[in-house]
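Engineer: The amino acid sequence is not available; the structure is as follows:
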């Protein structure tokens, strides 16, 4: 049977399926490229409007979508070239059990792109064919980018999920402005791209610690005093109490007379309401007497305080 297939130049089931998948991938890539190119043109026109109206903050965000679309288009172009290259050499792939060295980069790149180009489901079918042909280890090496896997470096960069750098974004913005003859001042955008922002997810605990006020280091003695309750000394009144000395007759008589005079003056003094009722046109003498009585009472109270202080001094001297 194999001799008949070789005689009539017929391919095996692997060769037929491989050619079918490659042709479908090439035709689908052409359709997707046309569609994405139109979308890319519209996105670049929108970018010009953002730059004209001064909405540079939106332009700095949307430029990442433009870069991603450009990378996908470039990756599609590389995959298309590799598919055409393998399609022309399907008989070689079919005849050899191991992957040919001259086709290793093309086949490994197609396998790598199959997991990152969801718009091309035929790539998954082609990867399954290569898995059956060369084994799971060969396919896993290309998918995981192991050493000496043979995947094209350009297609790795174009299909990377890494965010574009500030230099590449600024370069695309300048290219769009130059393409549409737009006089755009890029100084603000350059300054914004050159800013370095703090990573809030990194060392969040240290930032919280920096916000908190630093605590002063206390000495061991102060820490012990904080732990133990403070004990205030209690004055022993029984020890400090001095025996009362006998009062001198002269001092006690003067103090008694001053105190009695103060009390008598306060008892004979009428209330404020009565004094106000007595006030009249001819009561000036009464008011003067009342004022004199108040002054006498004040002097008497001062004399009483002086006598009490004198008694205390006498006690101290007699001890």
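Structural biologist: That came through fine. All values derive from a computational prediction rather than experimental measurement.
Engineer: Show me the shaky parts of the chain.
Structural biologist: By pLDDT under 70, the low-scoring segments of the chain are 1-12, 197-283, 319.
Engineer: Can you list the residue ranges for strands in it?
Structural biologist: With DSSP state E, there are no strands along the chain.
Engineer: tell me the domain boundaries of this protein?
Structural biologist: 2-174, 245-318 (automatic domain parsing).
Engineer: Please identify the deepest-packed of those domains.
Structural biologist: domain 2-174 (a mean of 16; mean count of other CB atoms under 10 Å). All C-beta spots, glycine's among them, are computed from the backbone N, C-alpha and C.
Engineer: about what we covered before: of all the domains of the chain, which one is nearest residue 182?
Structural biologist: Across the domains of the chain, residue 182 has its closest neighbour in domain 2-174 (6.0 Å, CB to CB).
Engineer: right, and residue 46 touches residue 61 too?
Structural biologist: No: the pair residue 46 / residue 61 is not scored as a contact, 11.9 Å apart, by CB atoms under 8 Å.
Engineer: List the residues that contact residue 107.
Structural biologist: 82, 86, 93, 99, 130, 142, 150 (CB atoms under 8 Å, 6 or more residues apart in numbering).
Engineer: Dump those residues to JSON lines, plus distance to residue 302.
Structural biologist: Output for the contacts of residue 107, formatted as JSON lines (distance: CB to CB, whole Å):
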{"residue": "82", "distance to residue 302": "118"}
{"residue": "86", "distance to residue 302": "123"}
{"residue": "93", "distance to residue 302": "127"}
{"residue": "99", "distance to residue 302": "122"}
{"residue": "130", "distance to residue 302": "119"}
{"residue": "142", "distance to residue 302": "112"}
{"residue": "150", "distance to residue 302": "115"}
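Engineer: Adding distance to residue 181, write the domains of the chain out as JSON lines.
Structural biologist: Putting the domains of the chain into JSON lines (distance: least, CB to CB, whole Å) gives the following:
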{"stretch": "domain 2-174", "distance to residue 181": "10"}
{"stretch": "domain 245-318", "distance to residue 181": "101"}
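Engineer: Residue 190: which of those is closest?
Structural biologist: Smallest distance to residue 190 across the domains of the chain (CB to CB): 6.3 Å, for domain 2-174.
Engineer: Roughly how far does the closest residue in space to residue 127 that isn't next to it in sequence sit from residue 18?
Structural biologist: Among residues not flanking residue 127 along the chain, residue 114 sits closest, at 4.3 Å (CB to CB, 6 or more residues apart in numbering). Note on residue 114: its distance to residue 18, by CB to CB, to the nearest Å, is 14 Å.
Engineer: Find the residues that touch each one of these two.
Structural biologist: With CB under 8 Å, 6+ apart, residue 114 and residue 18 have common neighbours residue 126.
Engineer: give me phi/psi at residue 183?
Structural biologist: Main-chain dihedrals, residue 183, degrees, to the nearest 10: phi -80, psi 90.
Engineer: and the nearest residue to residue 143 once chain neighbours are set aside, backbone torsions?
Structural biologist: Closest residue to residue 143 apart from its sequence neighbours, by CB to CB, 6+ apart: residue 115 at 5.9 Å. With angles defined as degrees, to the nearest 10, residue 115 sits at phi -90, psi 0.
Engineer: hang on, isn't residue 115 packed against residue 145?
Structural biologist: No: when contacts are counted by CB under 8 Å, residue 115 is not listed as touching residue 145 (11.1 Å).
Engineer: Give me the neighbour count for residue 187.
Structural biologist: Counted by other CB atoms under 10 Å, the residues lying close to residue 187 total 7.
Engineer: Now do it against residue 51, distance only.
Structural biologist: In terms of CB to CB, residue 187 sits 13 Å off from residue 51.
Engineer: Can you check which residues contact both of these two?
Structural biologist: Counting by CB under 8 Å, 6+ apart, nothing touches both residue 187 and residue 51.
Engineer: Let me see the contact set for the residue nearest to residue 127.
Structural biologist: By CB under 8 Å, 6+ apart, the neighbours of residue 114 are 120, 123-124, 126-127.
Engineer: try 10 Å
Structural biologist: By CB atoms under 10 Å, 6 or more residues apart in numbering, the contact set of residue 114 is 25, 79, 120-128, 130, 139, 142-143.
Engineer: just residue 154 next, same as before
Structural biologist: 74-75, 77-78, 109.
Engineer: and if you look at residue 103?
Structural biologist: Neighbours of residue 103 in contact, by CB under 10 Å, 6+ apart: 82, 85-86, 89-90, 92-93, 96, 110, 150.
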